[in-house]
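[1] sharing a model prediction with you, sequence too.
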Amino acid sequence: MRMSAALWAVVAGLAASQPAVAAPGASAFPWTAPATTEVVTEERRFMSGGTELSGTLILPASTKPVAAVVVTHSASSPLRGASLYDHLKTALPALGIAVFVYDRRGSGQSGTKTAGGDFAVLADDAIAAAQSLKADPRIDPKRIGTWGLSQGGWISPLAASRSADIAFVIAVSAPVVTADVQMLFSSTNHLRANGHSQAEIDQMTATRKAVDDYMRGTASREAAQKMIDAAKTQPWFKYTYMGETIRDRAVSGWRREIENDPLKNLSAVTVPTLVLYGADDAVVPVAVSVERLKAVAAQMPKLTVHSIAGADHAMAMSADQKISLDPKHDGTERPDSAEYMAILASWLALNGYVTR
């Protein structure tokens, strides 16, 4: 489950392995030298379950078909232009790998109806995106995989477990616990980082559990709503990411989320899978997730797990925890961990996805 030292040797040779291709168009500066990698950016639309989704393909020039990565979304970054995905658009084409980022259904140019918390629908969207790329002769249909962070780290392996069209999986900051366990961990750390008392943390915990008990059918909706009403005026309520009105459990997206065990989805994946965590992640219980993965490692010989020292939930090293745990900064995350970038590039190279 750990990366070998040999991976670092791969990184050093990646740049030298790329074909020398001049960048198109005139340079903005007269002193700029030709770039090695030529990149084509194309707008694309594809159909999934009767809905037309819109995305952008970033494709490196190559004399032979290249591998491709379909990006699955974090909960707070549904748009293709989110800063969270910028590093993929820059780094992967330089390795000879195409990147396809699309607006999540119900966001941007991908219709108005969301998946309503149904991860299977979101996974099927990723599958449909991969299938749309298979028809492109510039892309190798046998080397199309998925990358997802946080909620996207749940969606990516689920897609691979549902379709043979997904050749590999990269799951970043993916909780290997149910959504209710993950959110209680996250909310507790949000409150703690922002100076709230243990009594406030206890009230938050009781509120979350009341809602979750209703969703499981073991408590009443009225009791849960009473807890929400008492909590919604508190300054810490924004850190719970809960609505002020509880939806009927029969139609609640949250109920569907907490009934989904990501370990079951991961265990069903048979293709090469890279799971990456930030050791300082305050949103996901990394230690518990790693232990759960160890329990299934023998069944998943193609699984690699690596924790990045000093990185947070978004693989950032420079962010102040109090700032990164403030909801007003959701959707502005920008990974900057050098170790994360190196492990990602090395794993892609060792598994044959880099075009040489």
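    Great, that's in hand.
[2] quick check: can you list the domain ranges of this structure?
    The record's domain parsing of the chain by automatic domain parsing lists 6-12+37-178+261-350, 187-256.
[3] most tightly surrounded among those domains?
    domain 6-12+37-178+261-350 (a mean of 19; mean count of other Cβ atoms under 10 Å). Bear in mind the C-beta positions are built from the backbone N, C-alpha and C, glycine included.
[4] check the offset of that one from the chain's centre.
    For domain 6-12+37-178+261-350, the separation from the chain centroid amounts to 5 Å (computed by Cα atoms, centre = their mean, to the nearest Å).
[5] can you check stretch 256-263 too?
    How far stretch 256-263 lies from its chain's middle: 16 Å, per Cα atoms, centre = their mean.
[6] can I get the domains of the chain in CSV with mean pLDDT and distance to residue 28?
    Shown next, in CSV, are those (pLDDT from 0 to 100; distance: least, Cβ to Cβ, whole Å):
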stretch, mean pLDDT, distance to residue 28
domain 6-12+37-178+261-350, 92, 16
domain 187-256, 94, 42
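[7] redo those as JSON lines? Include distance to residue 29.
    Converted to JSON lines, the domains of the chain look like this (distance: least, Cβ to Cβ, whole Å):
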{"stretch": "domain 6-12+37-178+261-350", "distance to residue 29": "18"}
{"stretch": "domain 187-256", "distance to residue 29": "43"}
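[8] residue contacts, residue 78?
    Taking Cβ atoms under 8 Å, 6 or more residues apart in numbering, we find residue 78 in contact with 103, 104, 106, 107, 108.
[9] looking at the residues you listed, which one is closest to residue 293?
    Distance ranking of these against residue 293, using Cβ to Cβ, places residue 104 first at 26.3 Å.
[10] and that closest one, which of the three is it?
    Secondary structure, DSSP: H, G, I helix; E, B strand; the rest coil: residue 104 is coil.
[11] need the nearest residue in space to it, chain neighbours excluded.
    residue 78 (3.9 Å; Cβ to Cβ, 6 or more residues apart in numbering).
[12] measure the one you found to residue 48 for me?
    Computed as Cβ to Cβ, to the nearest Å, the residue 78 to residue 48 distance reads 15 Å.
[13] can you tell me the closest non-neighbouring residue to residue 265?
    Closest to residue 265 by Cβ to Cβ, 6+ apart is residue 158, at 4.5 Å.
[14] do the same with residue 240
    Nearest to residue 240 is residue 187, by Cβ to Cβ, 6+ apart, at 5.0 Å.
[15] run through the residues that contact that neighbour.
    With Cβ under 8 Å, 6+ apart, residue 187 has these contacts: 204, 208, 239, 240, 241.
[16] what about it, which helix or strand?
    Using DSSP states H and E, residue 187 sits within helix 179-193.
[17] what element comes up after that helix heading to the C-terminus?
    Later in the chain than helix 179-193, the nearest helix or strand by DSSP H and E is helix 198-216.
[18] tell me how far the helix holding residue 187 is from the chain's mean position?
    Centre-to-centre, helix 179-193 and its host chain are 18 Å apart (Cα atoms, centre = their mean).
[19] using CSV, write down the CA coordinates of that helix.
    C-alpha atoms of helix 179-193 as CSV (Å, rounded to 0.1, in the frame of the first residue of the first chain):
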residue,chain,number,x,y,z
ALA,A,179,-21.0,10.4,4.8
ASP,A,180,-22.5,10.9,8.3
VAL,A,181,-19.3,9.8,10.0
GLN,A,182,-17.2,12.0,7.7
MET,A,183,-19.3,15.1,8.3
LEU,A,184,-19.3,14.7,12.1
PHE,A,185,-15.5,14.5,12.0
SER,A,186,-15.4,17.6,9.7
SER,A,187,-17.9,19.7,11.6
THR,A,188,-16.1,18.9,14.9
ASN,A,189,-12.8,20.1,13.5
HIS,A,190,-14.4,23.2,11.9
LEU,A,191,-15.8,24.2,15.3
ARG,A,192,-12.6,23.4,17.1
ALA,A,193,-10.4,25.4,14.7
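[20] quick one: the strands in the stretch 201-350 of the chain?
    273-278, 303-308 (DSSP state E, counting those that start in this stretch).
[21] against residue 277, how distant is the residue nearest the centre of the chain?
    When Cα atoms, centre = their mean is applied to the chain, the residue found nearest the centroid is residue 149 (1.8 Å). Residue 149 sits 11 Å away from residue 277, going by Cβ to Cβ.
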